[in-house]
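> predicted model, plus sequence, below.
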Amino acid sequence: MTSPSPVIYDPATDSMYITLREGRVAHTVIHDDRDFAVDIGEDGQPMGYDIQFASRHPDVIAEGLQLLQRDGQRAA
């Protein structure tokens, strides 16, 4: 059985969500200047990136994917 993709892109809204890990979101930090928000877990670590106007922000996508790759390697 395969797990769902950690990256979800909706072309209709040009939005992307990158799930870094599962768990309870304690709060969200919004970065208006770069059109994204980071969900933060109870331990203070990022849980996911919510990127609006994703096609305009490849830098934010790259940042989220680097965290996803780093955390995935750490868990392996």
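Everything's here; your move.
> low pLDDT regions in this structure?
Within the chain, the stretches with pLDDT under 70 are 1-3, 72-76.
> next one: the strand or helix carrying residue 16 to chain centre, how far?
In this assignment (DSSP states H and E), residue 16 forms part of strand 15-19. Centroid displacement of strand 15-19 relative to its chain, using Cα atoms, centre = their mean, to the nearest Å, is 5 Å.
> who does it touch, helix- and strand-wise?
Judged by 3 or more Cβ pairs under 8 Å, 6 or more residues apart in numbering; DSSP states H and E, strand 15-19 is in contact with strand 7-10, strand 46-51, helix 58-75. Glycine gets a C-beta too; all of them are placed from N, C-alpha and C.
> now do the contacts for the nearest residue in space to residue 29 that is not next to it in sequence.
Excluding the flanking residues, the one nearest residue 29 by Cβ to Cβ, 6 or more residues apart in numbering is residue 38, at 4.9 Å. Contact analysis of residue 38 by Cβ atoms under 8 Å, 6 or more residues apart in numbering lists 28, 29, 31, 46, 47, 48, 49, 50.
> who does the third one form a beta bridge with?
Beta-bridge partners of residue 31, counted by DSSP bridges, are residue 36.
> and for it, the neighbour number?
Around residue 31 there are 13 other residues, counting by other Cβ atoms under 10 Å.
> returning to what we had before: tell me the most buried of the helices and strands packed on strand 15-19?
Of all the helices and strands packed on strand 15-19, strand 46-51 has the most neighbours on average by mean count of other Cβ atoms under 10 Å, namely a mean of 22.
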